[in-house]
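**Q** here you go, sequence then predicted model.
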Amino acid sequence: LKKVFVNKTIDSQWIIKRFELDIPDRILDKLSKDTKAPEKLRLIKKAEIFLAAKYNAPPPNEHGAVISGGIEKLREQDSVLFSYLPTKIFEYK
């Protein structure tokens, strides 16, 4: 759980998962022959993906116990897809 602080107060909490993927040889072969693909993309052997979900910790119940937290749905303007390479993909929303 990654906590984001603003003025020494927790502003938000995030569950972050990192994945590292090996690019299969058949894909590397196709990329190396694609003259329209950026050079950086044609030469990669691994891809790294991070996924993040905003975590909302529930307040304690009347007995002071915290049941379980949940993933908070982001507002559309806060739902952002970042890419190392330039992209204009909007279908993920």
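**A** The structure has been received and is ready for your questions. On a predicted model such as this, the values are computed, not experimentally measured, just so you know.
**Q** which elements pack onto the lowest-mean-pLDDT helix or strand in the chain?
**A** Ranking every helix and strand in the chain by mean pLDDT, DSSP states H and E puts helix 39-42 at the bottom, with a mean of 82. Helix 39-42 makes packing contacts with helix 25-33 when contacts are defined by 3 or more Cβ pairs under 8 Å, 6 or more residues apart in numbering; DSSP states H and E. C-beta: built from backbone N, CA, C; applies to glycine.
**Q** list the buried ones in the strand ranked longest in the chain?
**A** Under DSSP state E, the strand in the chain containing the largest number of residues is strand 9-22. Buried positions in strand 9-22, judged by neighbour count with 16 or more other Cβ atoms under 10 Å: Gln13.
**Q** distance of Ile27 from Ala57?
**A** 40 Å (Cβ to Cβ, to the nearest Å).
**Q** circling back: ok, then the element right after the least confident helix or strand of the chain?
**A** Using DSSP states H and E, the helix or strand that follows helix 39-42 in sequence is strand 46-56.
**Q** in this protein, which residue is closest to the centre?
**A** Leu51 (2.5 Å; Cα atoms, centre = their mean).
**Q** residues in contact with it?
**A** 16-17, 19 (Cβ atoms under 8 Å, 6 or more residues apart in numbering).
**Q** show me the shaky parts of this protein.
**A** 83-93 (pLDDT under 70).
**Q** picking that back up, what is the nearest of the contacts of Leu51 to Ala65?
**A** Proximity of the contacts of Leu51 to Ala65 (Cβ to Cβ) peaks at Ile16, which lies at 26.5 Å.
**Q** contacts only, for the closest one.
**A** Shown in contact with Ile16 (Cβ under 8 Å, 6+ apart): 2, 50-52.
**Q** this completes my enquiry, with thanks.
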